[in-house]
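Undergrad: curious how this folds, go ahead:
(one chain, ligands or ions: 2)
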Amino acid sequence: MKPVHDTPTKPDGTSPLLRVRNLVRRYSSGANEVVALSELTVDLERGHSLALVGRSGSGKSTLLNLLAGLDRPSSGSIEVNGRDLASLNRKELAAYRASEVGIIFQAFQLIPHRTALQNVELGLAFIGNGRSERTARAQAVLEQVGLGDRVQHKPDALSGGEKQRVAIARALVKNPTLLLADEPTGNLDRESTADIARLLAATRDSGISLILVTHDLDLAESLCETILELEYGRVVQRREAVR
Ligand SMILES: Nc1ncnc2c1ncn2[C@@H]1O[C@H](COP(=O)(O)OP(=O)(O)OP(=O)(O)O)[C@@H](O)[C@H]1O
Ligand SMILES: [Mg+2]
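TA: Ligands and ions are numbered 1, 2, ... in the order given. This is a model prediction of the structure:
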């Protein structure tokens with residue numbers, strides 16, 4: 001299949017932040033095989049933002065998990081910053097997850113018995129900062145997302161929008177080059193959605209590349225330069241957002 005969007009390495013040798021080529025992820029459960037991603041090819045330039053839209057089951061979360069190094073492809077390649085993720089051993093892949101890529105999940109995935117501050121500190125746990133530096137950085141990022149007065153709250157004592165802001169703080173505290181957000185507003189009311197949209201816009205404006213999975217086309221248009229629509233694990237439409 002012809003790639004939908006294929007940017008060759010530029011003459012000056014600088015490659016895009018992300019180069020995904022012919023990515024395939026098959027799941028087999030018993031006799032059945034599900035092809036969640038099928039020969040998917042896409043690039044993302046540094047500092048750019050990309051929205052992934054498409055029906056439930058079209059492969060969006062599968063793609064994010066692969067980009068995050070949480071899963072391995074059946075075939076095809078993912079290059080981030082010029083390095084093929086497949087060539088990284090477990091330790092290198094863990095370092096990639098710990099320092100280069102931030103992930104925001106739809107269901108927040110906060111640790112319930114830890115405070116907001118401790119949850120955000122966990123975003124730095126594998127980078128090797130000292131304890132006091134971790135705490136200071138976590139505190140600063142929580143203030144940045146507007147939760148300076150909620151740092152000692154546990155997730156149960158936070159609203160949905162506040163939980164999502166903690167999750168964003170946990171992803172941002174490591175200062176990633178790539179931020180992956182899987183339906184970050186999927187569980188939120190309209191007002192909290194607007195808060196999160198502002199926060200993601202500020203993140204994007206600070207130069208962090210963003211890949212946003214969403215069912216909210218207005219959010220996709222307002223945050224992202226490019227919108228890709230997936231169907232059965234393939235890109236069926238690619239368009240530039242009108243901003
Ligand atoms: N661990 C798994 N084992 C088997 N099949 C899976 C697994 N994970 C995902 N799939 C299948 O892969 C396909 C893509 O799933 P994926 O979660 O990527 O969809 P999605 O686009 O994120 O959907 P949604 O919008 O509902 O979140 C689906 O058909 C799903 O059933
Ligand atoms: Mg999903």
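Undergrad: quick one: V120 from A94, how far?
TA: As judged by CB to CB, to the nearest Å, V120 and A94 stand 19 Å apart. Backbone N, C-alpha and C define where each C-beta goes, glycine included.
Undergrad: where in this structure is pLDDT low?
TA: 1-14, 243 (pLDDT under 70).
Undergrad: the more surrounded of V120 and A94?
TA: Set V120 next to A94 and count neighbours by other CB atoms under 10 Å: V120 wins out with 30 against 13.
Undergrad: up against ligand 1, what does this protein have?
TA: Contacts of the chain with ligand 1, taken as CB under 6 Å from any ligand atom, map to Y27, S29, V34, A36, G54, S56, G57, S58, G59, K60, S61, T62.
Undergrad: what subset of those residues is buried?
TA: Buried subset of the residues of the chain next to ligand 1 (neighbour count, 16 or more other CB atoms under 10 Å): A36, G54, S58, G59, K60, S61, T62.
Undergrad: out of these, which sit inside helices?
TA: K60, S61, T62 (DSSP state H).
Undergrad: didn't the last one look like it was pressed against D71?
TA: Yes. Contact status for T62 versus D71: in contact at 7.5 Å, counting by CB atoms under 8 Å.
Undergrad: now G123: how far from L93?
TA: Remark: distance between G123 and L93 (CB to CB) = 17 Å.
Undergrad: the more surrounded of those two?
TA: Taking other CB under 10 Å, G123 and L93 do not tie; G123 has more neighbours (24 against 17).
Undergrad: what distance do you get for that one to K174?
TA: 5 Å.
Undergrad: ditto for G30
TA: G30 is 39 Å from K174, by CB to CB.
Undergrad: more crowded one of the two?
TA: Neighbours per residue, other CB under 10 Å: of G30 and K174, the larger number sits with K174, 20 against 5.
Undergrad: which residue sits closest to Y27, ignoring its sequence neighbours?
TA: Among residues not flanking Y27 along the chain, V34 sits closest, at 4.6 Å (CB to CB, 6 or more residues apart in numbering).
Undergrad: how far does the host helix or strand of the one you found sit from its chain's centre?
TA: Using DSSP states H and E, V34 sits in strand 32-44. Here strand 32-44 is found 17 Å from its chain centre; the criterion is CA atoms, centre = their mean, to the nearest Å.
Undergrad: pull up the pairing partners for that strand, direction included.
TA: If you go by DSSP bridges, strand 32-44 pairs up with strand 18-29 (antiparallel).
Undergrad: the residue nearest the centre of the chain and ligand 1, how far apart?
TA: The centroid of the chain falls nearest to L180 when counting by CA atoms, centre = their mean (0.7 Å). Per CB to the nearest ligand atom, to the nearest Å, L180 is found 12 Å from ligand 1.
Undergrad: and that residue, that's in a strand?
TA: Yes. Counting by DSSP: H, G, I helix; E, B strand; the rest coil, L180 is found in a strand.
Undergrad: show me what it is bridged to.
TA: I103, I211.
Undergrad: so what's L179 up against?
TA: V101, G102, I103, I104, A171, L172, L200, T203, I208, S209, L210, I211 (CB atoms under 8 Å, 6 or more residues apart in numbering).
Undergrad: do the same with L67
TA: Here L67 is in contact with L18, V20, I78, V80, V101, L178, L180, I211 (CB under 8 Å, 6+ apart).
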